[in-house]
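Chemist: what follows is a predicted structure for the sequence shown.
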Amino acid sequence: FFCFFNESFGGINTDSLSKVFASMPDDTNKVVQLNTKANYLIKKDLDAALILIQQSVRTSEKMGYDLLLANSLKLKAKILRKQGNNKEAIEDYKSALLLYEKLGKTLSAAKVLNSIGARYFYMKDLSNALSFFKRSAELRAKVKDSIGMAKVYNNIGEIYRMLEEYDKALENHYRSLSFK
């Protein structure tokens with residue numbers, strides 16, 4: 001079953017859209033379609049996106065497919081973050097992180113660690129932010145993700161700048177520039 005989404009879905013009643021998805025069999029295609037539509041709706045209607053991603057999470061849990069569940073939880077966390085629900089977003093990011101680690105998805109885990117660090121950073125919890133950014137850097141080094149390393153060392157440098165530890169800030173900012 002293939003479900004095509006276009007601009008016309010943007011103004012559809014979420015109850016109607018939920019009914020469309022409810023009529024689909026619970027399989028990987030349904031979860032992928034729910035995630036795709038939820039990701040599209042992030043720019044237009046966060047509440048509708050959240051409804052769809054919650055359905056995706058439930059379907060993924062029912063199927064027992066951890067990779068789809070991790071991806072759905074990560075997208076749910078993104079939606080919650082955009083709604084300003086940082087604490088809830090962190091919980092979903094942490095759940096996704098556990099699944100990515102269990103599955104050996106090192107790069108995905110590193111990206112989620114960076115997202116958790118960013119949430120703590122914006123909540124002004126610099127100690128937790130630094131801890132998660134450092135864990136992200138360790139994993140990114142293992143998979144030789146140079147672009148990600150540049151980003152995370154920049155984040156670490158910014159935390160040290162805010163802590164007025166300027167030598168460490170400069171060290172990490174310069175380190176971020178060393179990656180190509």
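Modeler: Okay, I see it.

Chemist: which SS class is the nearest residue to residue 50 once chain neighbours are set aside?
Modeler: Leaving aside its sequence neighbours, residue 50 sits nearest to residue 79 (Cβ to Cβ, 6 or more residues apart in numbering; 5.1 Å). C-beta coordinates here come from the backbone N, C-alpha and C atoms, glycine included. Using DSSP: H, G, I helix; E, B strand; the rest coil, the structure places residue 79 in helix.

Chemist: quick check: residue 79 touching residue 48?
Modeler: No - with contact defined as Cβ atoms under 8 Å, residue 79 and residue 48 do not form a contacting pair (9.9 Å).

Chemist: next one: the residue nearest to residue 50 from residue 28, what distance?
Modeler: Going from residue 79 to residue 28 by Cβ to Cβ, to the nearest Å gives 21 Å.

Chemist: compare the two (neighbour count), which wins?
Modeler: residue 79 (25 against 13; other Cβ atoms under 10 Å).

Chemist: and the helix or strand encompassing residue 171, what does it pack against?
Modeler: Using DSSP states H and E, residue 171 falls within helix 166-177. Secondary-structure packing of helix 166-177 (3 or more Cβ pairs under 8 Å, 6 or more residues apart in numbering; DSSP states H and E): helix 146-162.

Chemist: may I have the helix it packs on as PDB, with CA atoms only?
Modeler: Extracted as PDB, the C-alpha positions of helix 146-162 are listed here (Å, rounded to 0.1, in the frame of the first residue of the first chain):
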ATOM      1  CA  SER A 146      34.300  14.800  11.100                       C
ATOM      2  CA  ILE A 147      31.400  17.100  10.400                       C
ATOM      3  CA  GLY A 148      29.600  16.000  13.500                       C
ATOM      4  CA  MET A 149      32.900  16.300  15.500                       C
ATOM      5  CA  ALA A 150      33.200  19.900  14.300                       C
ATOM      6  CA  LYS A 151      29.700  20.700  15.500                       C
ATOM      7  CA  VAL A 152      30.000  19.000  18.900                       C
ATOM      8  CA  TYR A 153      33.300  20.600  19.700                       C
ATOM      9  CA  ASN A 154      31.900  24.000  18.800                       C
ATOM     10  CA  ASN A 155      29.000  23.200  21.200                       C
ATOM     11  CA  ILE A 156      31.500  22.200  23.900                       C
ATOM     12  CA  GLY A 157      33.500  25.400  23.300                       C
ATOM     13  CA  GLU A 158      30.400  27.500  23.700                       C
ATOM     14  CA  ILE A 159      29.600  25.900  27.100                       C
ATOM     15  CA  TYR A 160      33.100  26.600  28.300                       C
ATOM     16  CA  ARG A 161      32.700  30.200  27.100                       C
ATOM     17  CA  MET A 162      29.500  30.600  29.100                       C
END
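
Chemist: cheers, nothing more for now.
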